[in-house]
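**Student:** Give me the fold of what follows.
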Amino acid sequence: MYKLYMAIVFLLVGEFAMAQSSVSDQQFPGSGGVINIAVSSINEDDGNNYFLEAEKNEKRGDLNDALTLFGKAAFEFNSSKMFGRYGSALLRLSNVHFLLQNYTEAEQVILNVALKNYARIGSRSGQMDSYNQLGKIYLAANKLTQSMWFFTQQGLIARQINNNTAYIDSILGMARIKIKKKEYKLASRDLSRAELLAQSNKINQFKGQIKEARGMISDRQVVKK
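**Tutor:** This next block holds a predicted model:
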């Protein structure tokens, strides 16, 4: 039932966007020349409220409610032409699907909606975040070739826009793939590289991930022996 609801939501989003595009380009004669249609800020306010409520539900572990609310937020942001916020809501929607292990749904939100939105508005950072999300999804689904490609694309954009945090994150994603493939030496090199980059740029948020990944390598090598 929920999947049907979300399919309807995104169908309406797409249809509404097309309608807005065709109508907003029209000009109507009036006493003062032309009248341009303005988009109300009510949709934006509704979108912000839905987004905040979705975050609260996600933190509480009420993931199905979070899905519904992120979907509603996405609809409202798109309606008010807040395309940056629209993309953020789509990424969060995909991530909740990811947490629920709905990998196909998580993938489709990014491939069919989020990436198209970011391409339309020319957001390189949005595309980069979308690639990161796809890398995570494919890694969890054990589609390692696809995962490696998207983490690589994330890293390329991160270098282009000088986002060191995202670049390190992409390296860690590739390290996790190599751990799954039992390429422990290559994974260790990636972890060392990520650690050096983090230290040189004074980025501390990856210490736990690096430690955890090294622990996984150590444990698996012991089992192998």
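
**Student:** Hmm, residue 82 and residue 44 touching each other?
**Tutor:** Yes. Here residue 44 reaches residue 82: they are 5.5 Å apart, a contact under C-beta atoms under 8 Å. In this view, the C-beta of every residue, glycine as well, is placed from N, C-alpha and C.

**Student:** Helix, strand, or coil at residue 142?
**Tutor:** Of the three states, residue 142 takes coil under DSSP: H, G, I helix; E, B strand; the rest coil.

**Student:** tally of neighbours for it?
**Tutor:** Residues lying near residue 142 (other C-beta atoms under 10 Å) number 9.

**Student:** Skip the chain neighbours and tell me the closest residue to residue 53.
**Tutor:** Of all residues not flanking residue 53 in the chain, residue 69 sits nearest, at 5.0 Å (C-beta to C-beta, 6 or more residues apart in numbering).

**Student:** how many neighbours does that neighbour have?
**Tutor:** 25.

**Student:** Please tell me how far the residue most central in space within the chain sits from residue 125.
**Tutor:** Note on the chain: the residue nearest the mean C-alpha position is residue 91, at 3.4 Å, using C-alpha atoms, centre = their mean. As judged by C-beta to C-beta, to the nearest Å, residue 91 and residue 125 stand 11 Å apart.

**Student:** now swap in residue 160 and tell me
**Tutor:** Residue 160 sits 10 Å away from residue 125, going by C-beta to C-beta.

**Student:** Likewise for residue 200?
**Tutor:** Going from residue 200 to residue 125 by C-beta to C-beta gives 22 Å.

**Student:** more neighbours, those two?
**Tutor:** The neighbour comparison of residue 200 against residue 125 (other C-beta under 10 Å) goes to residue 125, with 15 against 9.

**Student:** hang on, isn't that one packed against residue 158?
**Tutor:** No. Using C-beta under 8 Å as the test, residue 125 is too far from residue 158 to be in contact (9.1 Å).

**Student:** domain assignment for this structure?
**Tutor:** What the record gives for the chain is the domain set 1-122, 123-225, from automatic domain parsing.

**Student:** now these in a markdown table, with mean pLDDT?
**Tutor:** Listed next are the domains of the chain as a markdown table, based on pLDDT from 0 to 100:
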| stretch | mean pLDDT |
| --- | --- |
| domain 1-122 | 77 |
| domain 123-225 | 95 |
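
**Student:** Just to be sure, residue 176 is in a strand?
**Tutor:** No. Secondary structure of residue 176 (three-state DSSP): helix, not part of a strand.

**Student:** OK, contacts around it?
**Tutor:** With contact set as C-beta atoms under 8 Å, 6 or more residues apart in numbering, residue 176 has these partners: 139, 187, 213.

**Student:** Among these, which lie within strands?
**Tutor:** The strands in this structure, assigned by DSSP state E, contain none of these.

**Student:** Let's see the PyMOL selection covering just the buried ones among those residues.
**Tutor:** Listed next is the PyMOL selection for buried residues among these, using 16 or more other C-beta atoms under 10 Å:
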select buried, resi 139+187+213
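
**Student:** Could you tell me which of the contacts of residue 176 belong to helices?
**Tutor:** Counting by DSSP state H, these place 139, 187, 213 in helices.

**Student:** Which SSE is immediately downstream of the one helix or strand residue 66 maps to?
**Tutor:** Under the criterion of DSSP states H and E, residue 66 resides in helix 63-79. Once the chain leaves helix 63-79, the next helix or strand it forms, by DSSP H and E, is helix 83-99.
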